[in-house]
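# Here is a sequence with its predicted model. Questions after.
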Amino acid sequence: MPHDISFASFNLYNLQLPGRATHPGAAPFTEASYARRLAWAGDLLKAVGADVIAFQELWSRQALVDLFDRSGLAADYQLCFIANDWYDIAVAAAVKRPWVVKGQQLHKRFPEAFRLLKRGHGEAGADAHRTDDDIDVQIDIFSRTVLQLTIGKAEAGAPQLEVFCTHLKSKLATQLDKPEQQDNAMKPHRAALGAALSTVRRTAEAAALRMILTGLMKGTDRAVAVIGDFNDGNHSNTLSILTGQPAYRQYYAHRAGISSDAGLYSVSFLQALGDFQDVAYSHIHQGVREQLDHVLVSEQFYDHSKHRLWSFHDQRIWNDHVVEEGPNGPARSTSDHGIVRARFDWQGPQ
């Protein structure tokens, strides 16, 4: 069909040019290890063959250019970056021709209306009889810039859609600042407190991105896909916030799912009936298999919506390389995440 489309999420696992620094203490790529990583990633890119690929953990623009050049795919894809240069890991994207990028936006700051605030006892708007839910979270930026692309085709009548490429805060414990690290009362609890900080930031980022999505989708018929490493599982609060928890149709006469103006459907749920539980994972940590990398789509991709334009074909996860090995964790030339791809068949307006 003329407008079939597929989306993929690909964590590049700290891809950087040879000799360049990444995280403190991490050995830089040599020319040989860099060549091995690009060869592995290039073979996988060809196998996945997605129309839109969201990348995470990219340290260098040139490294992604090298990947597509060496794999022979440079002529097939348009690459999109957050900048010419950056100081840490970043997201990027590749769009396969004949799909073209018609617009690009970056989201670093949270929406102006974002607040995670509940006032305390006696203050304006608070319940004077309740003081156990006071909170004030001072976060106003994404840890990794969100890349939004408007894509379409040159031909008249072709659909246009918005794609968000994202990488939310990791589950790994945030390192405490030196005063807290040196506090004897806090030292035994650094892991718990650091994990709580990471969770709060990831939750805030999910809420901020949901605000952006609602502002874009509410009251419109825009087709939207959100792709990336969300660092949380299918049943997490993070996914619940991002999706808006739209209703799914359970049986033929059920009216749920006929429309969801601003909701997003998890491709993992669409695929769930066809998967065994131990197959649908994209990450392993301490023996626990989870899918942290996701594709979320608007009702234009949901089979039972009256606004459907595409029909769900399948989700596939390339995860054979995701293993835990070695006394000091994985020593791999691949990635610590599986690659998730979702395919949709064009149906056109109903």
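Received it, and whenever you're ready, just let me know what you need.
# how about the helices in the chain?
Remark: helices assigned in the chain by DSSP state H are 31-48, 61-70, 178-181, 190-217, 237-243, 267-271.
# Let's have the ones you listed in JSON lines, adding distance to Y77, mean neighbour count and mean pLDDT.
C-betas here are computed from N, CA, C, even on glycine. JSON lines is the format used below for the helices of the chain (distance: least, Cβ to Cβ, whole Å; neighbours: other Cβ atoms under 10 Å; pLDDT from 0 to 100):
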{"stretch": "helix 31-48", "distance to Y77": "9", "mean neighbour count": "16", "mean pLDDT": "93"}
{"stretch": "helix 61-70", "distance to Y77": "6", "mean neighbour count": "18", "mean pLDDT": "98"}
{"stretch": "helix 178-181", "distance to Y77": "44", "mean neighbour count": "11", "mean pLDDT": "84"}
{"stretch": "helix 190-217", "distance to Y77": "25", "mean neighbour count": "18", "mean pLDDT": "93"}
{"stretch": "helix 237-243", "distance to Y77": "26", "mean neighbour count": "20", "mean pLDDT": "89"}
{"stretch": "helix 267-271", "distance to Y77": "21", "mean neighbour count": "20", "mean pLDDT": "76"}
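# between those, which one is nearest to Q105?
helix 190-217 (9.5 Å; Cβ to Cβ).
# Can you lay out the helices of the chain as a markdown table showing distance to F114?
Formatted as a markdown table, the helices of the chain follow (distance: least, Cβ to Cβ, whole Å):
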| stretch | distance to F114 |
| --- | --- |
| helix 31-48 | 34 |
| helix 61-70 | 29 |
| helix 178-181 | 26 |
| helix 190-217 | 5 |
| helix 237-243 | 13 |
| helix 267-271 | 27 |
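# Please name whichever of those helices is nearest to S335.
Here helix 31-48 is closest among these (Cβ to Cβ), at 7.8 Å.
# Just list what the closest one packs against, helices and strands only.
Helices and strands touching helix 31-48, by 3 or more Cβ pairs under 8 Å, 6 or more residues apart in numbering; DSSP states H and E, are strand 5-15, helix 61-70, strand 310-318, strand 339-346.
# OK, contacts around the residue lying closest to Y302 once chain neighbours are set aside?
Leaving aside its chain neighbours, Y302 sits nearest to Y265 (4.9 Å; criterion: Cβ to Cβ, 6 or more residues apart in numbering). With contacts defined as Cβ atoms under 8 Å, 6 or more residues apart in numbering, the neighbours of Y265 are T243, P246, Y248, L296, V297, S298, E299, F301, Y302.
# With adjacent residues omitted, what lies nearest to Q16?
Using Cβ to Cβ, 6+ apart, the closest residue to Q16 is W59 (3.8 Å).
# hmm, which helix or strand of this protein has the shakiest average pLDDT?
strand 283-285 (a mean of 58; mean pLDDT, DSSP states H and E).
# remind me which residues of the stretch 51-200 of the chain are low pLDDT?
Confidence mapping of the stretch 51-200 of the chain against pLDDT under 70 gives the ranges 120-131.
# any idea which residue sits dead centre in this protein?
G228 (1.9 Å; Cα atoms, centre = their mean).
# Q175: neighbour count?
11 (other Cβ atoms under 10 Å).
# list the contacts for it?
Q175 touches Q181, G194, counting by Cβ under 8 Å, 6+ apart.
# you'd agree S71 is up against L38?
Yes: with contact defined as Cβ atoms under 8 Å, S71 reaches L38; the gap is 7.3 Å.
# and the residue nearest to the centre of the chain, bridged to which residues?
T166, H294 (DSSP bridges).
# And for H107?
Assigned bridge partners for H107, using DSSP bridges, are V146.
# can you tell me how far it sits from T166?
9 Å (Cβ to Cβ, to the nearest Å).
# go on, Q16?
Counting by Cβ to Cβ - Q16 and T166 are separated by 21 Å.
# go on, F142?
8 Å.
# of those two, who's got more company?
Shown here are F142 and T166; by other Cβ under 10 Å, T166 has more neighbours (26 against 22).
# wait, isn't that one in contact with G228?
Yes: counting by Cβ under 8 Å, T166 touches G228, with 4.0 Å between them.
# Overlap in contacts, those two.
A54, V91.
# show me what contacts T243?
T243 touches G263, L264, Y265, S266, L296, counting by Cβ under 8 Å, 6+ apart.
# Let's have the residues you listed in a markdown table, adding distance to V91 and pLDDT.
Listed next are these as a markdown table, based on distance: Cβ to Cβ, whole Å; pLDDT from 0 to 100:
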| residue | distance to V91 | pLDDT |
| --- | --- | --- |
| G263 | 23 | 81 |
| L264 | 18 | 86 |
| Y265 | 22 | 81 |
| S266 | 19 | 82 |
| L296 | 15 | 90 |
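# So which of these belong to strands?
Mapping the contacts of T243 onto strands (DSSP state E) picks out Y265, S266, L296.
# of these, closest to D345?
Y265 (15.3 Å).
# V65 versus the closest one, what's the distance?
In terms of Cβ to Cβ, Y265 sits 33 Å off from V65.
# Then Q181?
39 Å.
# Could you list the low-pLDDT ranges of the stretch 251-350 of the chain?
For the stretch 251-350 of the chain, the ranges with pLDDT under 70 are 251-260, 269, 273-291, 320, 322-333.
# go with 80
251-262, 268-292, 319-337, 350 (pLDDT under 80).
# you'd agree S266 is up against S298?
No: S266 lies out of contact with S298 (Cβ under 8 Å); the separation is 11.8 Å.
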